[in-house]
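**Q** sharing a sequence plus its predicted fold:
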Amino acid sequence: HADTADIVMEWTGRLLNCTWKGPDIEMSCESLSTALTAIGLRRKYQRGCPHTLYGKACRASRLAHTENGTVTTVNNRLDVNVTLSGAETGFTEARLIGGVFRVTVDSGITEIRAITGATLIGGRQWRLTLMSQIPEIRTGLAVSVSKGCPHTFDACRDTFQNAANYGGCANIPEKNPFTNNQF
């Protein structure tokens, strides 16, 4: 068609099957709205794990990687100093990033925040940077701090002993065979 202004779209979809019935053709079609409701791939081919840490698919034990403590200083409702007590579970600054901070405030609400930064002050005292403010936080409140995960196979295997539930594809080759010589 030289001029497409006279074309009117009547229907959108896809052709599923086509068979000859004598001189006629019988076509089986599926509308676009039906095609969009079809179940597709659930996960992508990716190196990193897509699972939510401590979620149903991850199945890492939050309790095994959590330490309890007390708020010692509230710097600006984003930076909180905590003193941890109890058994040492191997916290490092890198392992706390992406972790979970829980505190029950005076109104009885349990506030949960992601940890975006961690600095060891000394001994068992940590300065934690939270993803968002907790308006009612104050010194003396009991907290629980859980490890974070960088969603790599090494962290899943070494830190959480959870390699069987790793959701990524750990063995994706790093060398691209299409851009390099095969030898």
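**A** Good, I have the coordinates.

**Q** going forward, measure contacts between C-alpha atoms and count neighbours the same way
**A** Noted.

**Q** please name the strands paired to the top strand by length along the chain in the sheet, noting orientation.
**A** Longest strand in the chain, counting residues (DSSP state E): strand 110-122. As defined by DSSP bridges, the strand partners of strand 110-122 come to strand 100-104 (antiparallel), strand 125-130 (antiparallel).

**Q** tell me the mean pLDDT over the first one?
**A** Mean pLDDT, strand 100-104: 95.

**Q** work out the gap between the worst-scoring helix or strand of the chain on mean pLDDT and the centre of the chain.
**A** Between all helices and strands in the chain, the lowest mean by mean pLDDT, DSSP states H and E belongs to helix 32-36, at a mean of 77. Its chain's C-alpha centre and that of helix 32-36 lie 29 Å apart, by CA atoms, centre = their mean, to the nearest Å.

**Q** for that helix, list every residue counted as buried.
**A** Neighbour-count burial for helix 32-36 flags no residue at all (criterion: 16 or more other CA atoms under 10 Å).

**Q** try stretch 145-161
**A** For stretch 145-161, the buried set under the neighbour-count rule, 16+ other CA under 10 Å, comprises 145-153, 155-156, 159-160.

**Q** quick one, what contacts the residue nearest to the spatial centre of the chain?
**A** Nearest to the mean C-alpha position of the chain, by CA atoms, centre = their mean, lies residue 52 at 4.3 Å. By CA atoms under 8 Å, 6 or more residues apart in numbering, the contact set of residue 52 is residue 58.

**Q** contacts only, for the residue nearest to residue 118 when sequence neighbours are not counted.
**A** Of all residues not flanking residue 118 in the chain, residue 128 sits nearest, at 4.6 Å (CA to CA, 6 or more residues apart in numbering). Applying CA under 8 Å, 6+ apart to residue 128 gives the contacts 79, 80, 81, 82, 115, 116, 117, 118, 119.

**Q** mind pulling up the pLDDT for residue 128?
**A** 96.

**Q** what's the answer for residue 183, then?
**A** Predicted confidence (pLDDT) for residue 183: 63.

**Q** in this protein, where is pLDDT below threshold?
**A** 1-6, 40-43, 182-183 (pLDDT under 70).

**Q** so which of the buried residues of stretch 145-161 are in helices?
**A** 153, 155, 156 (DSSP state H).

**Q** thinking residue 71 is in contact with residue 140, fair?
**A** Yes - under the criterion of CA atoms under 8 Å, residue 71 makes contact with residue 140 at 5.2 Å.

**Q** please consider this matter closed, and thank you.
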